[in-house]
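Here is my input, please return the structure:
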Amino acid sequence: MRHIATVGLWLAMASTMIGCSWGGPSYEPTTLGPTVSYDYEGDQIDQATSQAEAYCAPFGEKAVLRMTGSRDGKHYAVYDCH
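This next block holds a predicted model:
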């Protein structure tokens, strides 16, 4: 009886390992801090940067520009706190 239980355990472990190795999403933990975005007008990105720096400061982090873009005629900037 003990032999059957051992074989069953090995089969269960093998099927789990095979299932994990076949495709599916993989996840990696990140150490990124908070992210924040601000709208700005024209070429006034400096104002958005100042707001992002003020947002990140309480976390002991600095604002790092990740990307800029436009949506519905408005400009926006996205910052990560690092």
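
What lies in contact with the helix or strand that contains residue 54?
Element membership for residue 54 (DSSP states H and E) is helix 45-56. Helix 45-56 is contacted by residues 33-34, 36, 38-40, 62-63, 65, 68, 75-77, 79, 81 when judged by CB atoms under 8 Å, 6 or more residues apart in numbering. Placement of C-beta: from N, CA and C, glycine included.

are any of those residues buried, and which?
By neighbour count, with 16 or more other CB atoms under 10 Å, these hold 33, 36, 38, 40, 63, 75, 77, 79, 81 as buried.

Restricted to strands, list those residues.
36, 38, 40, 63, 75, 77, 79, 81 (DSSP state E).

can you redo these as JSON lines with distance to residue 53 and pLDDT?
Below are those laid out as JSON lines (distance: CB to CB, whole Å; pLDDT from 0 to 100):
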{"residue": "36", "distance to residue 53": "10", "pLDDT": "91"}
{"residue": "38", "distance to residue 53": "11", "pLDDT": "93"}
{"residue": "40", "distance to residue 53": "14", "pLDDT": "92"}
{"residue": "63", "distance to residue 53": "5", "pLDDT": "95"}
{"residue": "75", "distance to residue 53": "18", "pLDDT": "94"}
{"residue": "77", "distance to residue 53": "12", "pLDDT": "94"}
{"residue": "79", "distance to residue 53": "8", "pLDDT": "94"}
{"residue": "81", "distance to residue 53": "9", "pLDDT": "93"}
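
and the residues you listed, which two are the farthest apart?
Spatial extent of these (CB to CB) is set by the pair 75 and 81 at 20.7 Å.
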